[in-house]
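> Structure for the following, please:
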Amino acid sequence: MAATPQNPAAATPRRKVSRHRGEGQWAAGHFTPLNGNEQFKKDDDGLNVRTRIETIYSKRGFDSIDPNDLRGRMRWWGLYTQRKPGIDGGKTAILEPEELDDKYFMLRVRIDGGRLTTEQLRVIGEISQEFARGTADITDRQNIQYHWIRIEDVPEIWNRLEAVGLSTTEACGDTPRVVIGSPVAGIAEDEIIDGSPAIEEIQRRIIGNKAFSNLPRKFKSAISGSPLLDVAHEINDIAFVGVNHPEHGPGFDVWVGGGLSTNPKIGVRLGAWVGLDEVPDVYEGVISIFRDYGYRRLRTRARLKFLVADWGPEKFRQVLQDEYLKRELADGPAPDQPIARWRDHVGVHRQKDGRFYIGFAPRVGRVDGATLTKIAELAEAHGSGRVRTTVEQKMIVLDVEEAQVESLVEALEALDLTAKPSPFRRGTMACTGIEYCKLAIVETKQRGSSLIDELERRIPEFDEPITININGCPNACARIQVADIGLKGQLVLDDQGEQVEGYQVHLGGALGLEAGFGRKVRGLKVTSDELPDYVERVLKRFQDEREDGERFAVWASRASEEALS
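Here you go, the predicted model:
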């Protein structure tokens, strides 16, 4: 039909008008459509699966588990199926979940603030030996992870953990994960403020509370009053960082919206100062914003960092104040730069009460149940009843009298747990990798351990702080983007054109000192076999080209691509 003055619409084709679906924000009334994860959470709260585990699955065995519980709700109690042995990395993205699943589980014990008694550590070690084939890895979020767990044994494991005040509640899943904290809270001589009471109140108020057990995705948090900035606050959904306010005194600066994975973002300051007693309220307000305004439609955008990036810190703070806190927050200062290059508390340090704490370095977080039990025994034999885990996969024994320090250091050294590690032992971190993880493409733990040995042999004189983080897939559980040398596992081609395990290299990432993400050199990938040669070559070039006092991250940001290749 031709266009006429009486029919102007005929001049242009009609456009289909579609209704915007929104981002799945509850507060905007967007409750549909639901992706698979949102559907199973709507059907039944993840916390409810515990009853089925105890009364059905543990009695009838693995094959009785409902798929939505197996690959969904069981995470709310710290359980993931582990990778079936013998499946190579090339199959990771090809096989269906049921083809990757082994009939065993990873079980994560949450350790808020990294705080353990020696009694708790002994129980963790005993469970490892009895139920987990000796496995017990320290994570970079202060937790302990078991492998080879049978569903039949889970109720008994829970009983033993809970008898000593430990839990796996919401250690995984779309939940408030472990609250990481300074491992020397309340004891360090240089501490600005002790955040432990806030962690305890958050645990009491939030963890296991069904008002917060259905979040868009995981919610990571950190609280530290240490001037070392020792909890990687820049990459958490919410973080409270110790500062001194010129009028109000010691308190916390509030950060939101950090996170890594495939879309990394450094957290932003809200510009707000909160006192210790305000921290749980602000935490509850921020997690409520995430629950109500978080993007649920697409899993790839369901982290708080995307909402913060879209809103900006000013709007985020305003919504927090107006809709959730119902009051204004005080403005406050930013934290100072960290006072030291290492933030892991390794070594011998005086406590404010005159005793000492001793931080030591397992290899890439890998320990075992027998070793953990022995650490508990050694700590008690040297007068301590408290140990800590750190966000760098390290451990600390607290409250050691000066006369006992040397003896304990020697006893730990005999277990290959050194308080005087090389920079490579101290700075190398690795995720679980293909040994157990269904998402992994390459091996990580053994690769990291052998790399430490090679670098100690090849460059024994190297004495600069250096972080080498090894990840088995793109998800950045080992924080590859913020390491001096970050290694992202993938399949690469070797000299013969064969597909082999290897890594994409990120160089010059950092936290604390000018926090930022590492640089990717075009086409720079190394095979696993080439890795020691590559790292040695780059570190020697750094030694040759660095200016006085220059950190590796700074050098890497200005070095030529040739120097980094």
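
> Contact partners for the residue nearest the centre of the chain?
Of all residues in the chain, the one closest to the mean position by CA atoms, centre = their mean is Arg141, 4.5 Å from it. Contacts of Arg141 were listed using CB atoms under 8 Å, 6 or more residues apart in numbering, and they are Arg177, Val178, Ile180, Lys220, Val391. For every residue, glycine as well, the C-beta is placed using N, CA and C.

> and if we set it to 7 Å?
Taking CB atoms under 7 Å, 6 or more residues apart in numbering as the contact definition, Arg141 lies against Val178, Ile180, Val391.

> Quick check: which element contains the first one?
Secondary-structure assignment from DSSP states H and E places Val178 in strand 176-181.

> what's the burial count for Asn469?
Neighbourhood size, Asn469 [other CB atoms under 10 Å]: 29.

> typo on my end, Leu161
20.

> Check the spacing between the closest residue to Phe105 other than its chain neighbours and Tyr80 real quick.
Take Phe105 and drop its neighbours on the chain: the residue closest to it by CB to CB, 6 or more residues apart in numbering is Ile149, 4.3 Å away. Ile149 sits 10 Å away from Tyr80, going by CB to CB, to the nearest Å.

> which residues sit in contact with the residue nearest to Phe105?
Taking CB under 7 Å, 6+ apart, one finds Tyr104, Phe105, Leu107, Phe131, Ala132 in contact with Ile149.

> let's go with 8 Å and repeat that
Leu79, Tyr104, Phe105, Met106, Leu107, Phe131, Ala132, Ile157.

> Please apply the same query to Val505.
Ile485, Gly486, Leu487, Lys488, Lys520, Val521, Leu524, Lys525, Val526, Tyr534, Leu564.

> Quick check on the closest residue to the fourth one other than its chain neighbours: phi, psi?
Put plainly, it is Lys488. In this structure, Lys488 finds its nearest non-sequential neighbour in Gln504, 4.5 Å apart by CB to CB, 6+ apart. Backbone torsions of Gln504, given as degrees, to the nearest 10, read phi -80, psi 140.

> My read is that Gln504 contacts Lys525, right?
Yes - counting by CB atoms under 8 Å, Gln504 does reach Lys525; the two are 5.3 Å apart.

> joint contacts of these two?
Joint contacts of Gln504 and Lys525 (CB under 8 Å, 6+ apart) are Gln490.

> Show the contacting residues for Asp137.
Contacts of Asp137 (CB under 8 Å, 6+ apart): Ile144, Gln145, His147, Gly365, Arg366, Val367, Thr432, Lys445.

> the helices in the stretch 351-500 of the chain, which residues?
369-381, 402-414, 423-427, 445-458 (DSSP state H, counting those that start in this stretch).

> Same question for the stretch 101-250 of the chain.
Going by DSSP H, counting those that start in this stretch, the stretch 101-250 of the chain shows helices at 118-131, 154-163, 196-206.

> What ranges in the protein fall below the confidence cut-off?
1-21, 513 (pLDDT under 70).

> give me that answer again for 90
1-22, 32-34, 93, 97-98, 261-262, 339-341, 474-476, 494-497, 512-515, 520-524 (pLDDT under 90).

> roughly how far apart are Ile157 and Thr175?
Applying CB to CB to Ile157 and Thr175 gives a distance of 19 Å.

> So between those two, which is more surrounded?
The residue with more neighbours, out of Ile157 and Thr175, is Thr175; 24 against 21, by other CB under 10 Å.

> What's the local residue count around Pro67?
By other CB under 10 Å, neighbour count at Pro67 equals 11.

> ditto for Gln321
Gln321 has 17 nearby residues by other CB under 10 Å.

> Which residues are in contact with it?
Contacts of Gln321 by CB under 8 Å, 6+ apart are Arg327, Glu328, Leu329.

> Excluding covalently adjacent residues, which one is nearest to the first one?
Spatial nearest neighbour of Arg327, chain neighbours left out: Gln321 (6.5 Å); criterion: CB to CB, 6+ apart.

> same deal with Cys172?
Arg75 (3.8 Å).

> tell me the contacts of that neighbour?
Arg75 neighbours (CB under 8 Å, 6+ apart): Gly46, Cys172, Gly173.

> looking at it, the second one is touching Trp76, isn't it?
Yes - contact between Cys172 and Trp76 holds when scored by CB under 8 Å: they sit 7.2 Å apart.

> all strands of the stretch 151-300 of the chain, in order?
176-181, 219-224, 238-245, 249-256, 268-274 (DSSP state E, counting those that start in this stretch).

> now these in TSV, with mean neighbour count?
Converted to TSV, the strands of the stretch 151-300 of the chain look like this (neighbours: other CB atoms under 10 Å):
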stretch	mean neighbour count
strand 176-181	28
strand 219-224	27
strand 238-245	24
strand 249-256	23
strand 268-274	21
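
> Same list (those) but as JSON lines, adding distance to Gln203.
Formatted as JSON lines, those follow (distance: least, CB to CB, whole Å):
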{"stretch": "strand 176-181", "distance to Gln203": "7"}
{"stretch": "strand 219-224", "distance to Gln203": "11"}
{"stretch": "strand 238-245", "distance to Gln203": "15"}
{"stretch": "strand 249-256", "distance to Gln203": "17"}
{"stretch": "strand 268-274", "distance to Gln203": "18"}
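
> Between those, which one is closest to Glu380.
strand 176-181 (23.2 Å; CB to CB).

> Cys172 and Trp76: who's more crowded?
Trp76 (26 against 21).

> Help me confirm that that one is found in a helix?
Yes - Trp76 sits within a helix when classified using DSSP: H, G, I helix; E, B strand; the rest coil.

> and it, how far is that from Asn263?
25 Å.

> contacting residues for the closest residue to Trp26 other than its chain neighbours?
Using CB to CB, 6+ apart and skipping the chain neighbours, the partner closest in space to Trp26 is Asp292 (5.2 Å). Residues in contact with Asp292 (CB under 8 Å, 6+ apart) are Gln25, Trp26, Ala27.

> Ser64 contacts Tyr57, correct?
Yes - counting by CB under 8 Å, Ser64 touches Tyr57, with 5.6 Å between them.

> what is in contact with these two at once?
Joint contacts of Ser64 and Tyr57 (CB under 8 Å, 6+ apart) do not exist.

> Looking at those two now, which is surrounded by more residues?
Taking neighbours as other CB under 10 Å, Ser64 and Tyr57 compare with Tyr57 leading, 22 against 14.

> circling back to that earlier point, what's the overlap in contacts for Ile149 and Tyr80?
Joint contacts of Ile149 and Tyr80 (CB under 8 Å, 6+ apart) are Phe105, Met106.

> In this structure Asn37 contacts Gly72, no?
Yes - the criterion here is CB under 8 Å, and Asn37 meets it with Gly72 at 6.9 Å.

> okay, those two: which has more neighbours?
Taking other CB under 10 Å, Asn37 and Gly72 do not tie; Gly72 has more neighbours (21 against 18).

> Setting the sequence-adjacent residues aside, check what's closest to that one.
Here the residue nearest Gly72, using CB to CB, 6+ apart, is Phe40, at 4.8 Å.

> SS state for that neighbour?
Phe40 is classified as helix under three-state DSSP.

> can you list contacts of the strand holding Val178?
Residues contacting strand 176-181 (CB under 8 Å, 6+ apart): 110-115, 141-143, 170-171, 195-196, 199, 202-203, 206-207, 212, 215, 218-224, 231-232, 236, 287, 391.

> Could you list which residues are in contact with the nearest residue to Ala476 once chain neighbours are set aside?
Using CB to CB, 6+ apart and skipping residues adjacent in sequence, the residue nearest Ala476 is Leu260, 3.9 Å away. Residues counted as contacts of Leu260 (CB under 8 Å, 6+ apart) are Ile235, Ala476, Arg479, Ile480, Gln481, Val482.
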